[in-house]
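Student: sequence? don't have it. structure:
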């Protein structure tokens, strides 16, 4: 672990981000089973320790009124029925092994960050959450964007490095080893389980 992180279960939340069926399949390729198993172990440990678990997923209303054609990334989604299918059932559902348990919050987002245009910040404030444990897909997408916003909002942050994935292996590694450690504690799923278990 890059530094000692203490997690108060009552004031911490694990954010499982964009772990939707087709996204998991596309981004984890040869390590799909390993990724899913590690992420599931993190969620299981968090639940056993009574840490809040929040699921974040990309989703849109029919016709995608949330998307501007001026948005380079999401405008491409709006222009392509094939891309839209990635965020519709069943491809857009959260992977069954990582699915929400009863009572767990699902935040539906329309941009890259889990904060932009969602009620995530309100939910965290209402539950007096001070520490966020992040993982998801992609490292250079939702994880990066959410980490930067959370850092600017003065949250304590941890990133589960082996529960993140990206199509660009070099960028993934650079973020985990060079950028993220300046704003968060970077640890493995096994580190998290040990940390919360002790």
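Tutor: Happy to help now that I have it. Note that the coordinates shown come from a computational prediction; the quantities given were computed from them, not determined experimentally. Residues are numbered from 1 along each chain as shown.

Student: Can you pull out the low-pLDDT segments for this structure?
Tutor: 1-4, 60, 64-66, 74-88, 91, 198 (pLDDT under 70).

Student: can you do 50?
Tutor: Scanning the chain with the threshold set as pLDDT under 50 gives 1-2.

Student: Just list what the lengthiest strand in the chain packs against, helices and strands only.
Tutor: Longest strand in the chain, counting residues (DSSP state E): strand 156-165. Secondary-structure packing of strand 156-165 (3 or more CB pairs under 8 Å, 6 or more residues apart in numbering; DSSP states H and E): helix 32-48, strand 131-137, helix 144-152, strand 185-187, helix 189-197. Heads up, the C-betas are built off the backbone N, CA and C, glycines and all.

Student: So which bits of it are buried?
Tutor: Within strand 156-165, the residues scored as buried using 16 or more other CB atoms under 10 Å are 156, 157, 158, 159, 160, 161, 162, 163, 164, 165.

Student: which outside residues touch it?
Tutor: 5, 7, 27-28, 31, 35, 38-39, 42, 130-139, 143, 147, 150-151, 172, 176, 180, 183-189, 192 (CB atoms under 8 Å, 6 or more residues apart in numbering).

Student: of the residues you listed, buried ones?
Tutor: Neighbour-count burial (16+ other CB under 10 Å) applied to the contacts of strand 156-165 gives 5, 7, 27-28, 35, 38-39, 42, 131-139, 143, 147, 150-151, 172, 176, 180, 184-187, 189, 192.

Student: Partner strands of the longest strand of the chain and their direction?
Tutor: strand 131-137 (parallel), strand 185-187 (parallel) (DSSP bridges).

Student: how about these in JSON lines, adding distance to residue 99?
Tutor: Listed next are the strands paired with strand 156-165 as JSON lines, based on distance: least, CB to CB, whole Å:
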{"stretch": "strand 131-137", "distance to residue 99": "14"}
{"stretch": "strand 185-187", "distance to residue 99": "24"}
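
Student: which one of the ones you listed lies closest to residue 95?
Tutor: Set against residue 95 and scored by CB to CB, those come closest in strand 131-137, at 10.1 Å.

Student: Residue 102: neighbouring residues, count only.
Tutor: Per other CB atoms under 10 Å, the neighbour tally for residue 102 reads 4.

Student: Just say helix, strand or coil for it.
Tutor: Here residue 102 is coil, with the state taken from DSSP: H, G, I helix; E, B strand; the rest coil.

Student: Backbone dihedrals for it, please?
Tutor: Main-chain torsions, residue 102, degrees, to the nearest 10: phi -50, psi 130.

Student: how far away is it from residue 25?
Tutor: 26 Å (CB to CB, to the nearest Å).

Student: same thing with residue 170?
Tutor: 22 Å.

Student: Looking at these two, which is more packed in?
Tutor: Between residue 170 and residue 25, counted using other CB under 10 Å, residue 25 has the larger neighbour count: 13 against 8.

Student: Find the nearest non-adjacent residue to residue 149, please.
Tutor: Counting by CB to CB, 6 or more residues apart in numbering, residue 149 lies nearest to residue 115, which is 4.6 Å off, once chain neighbours are set aside.
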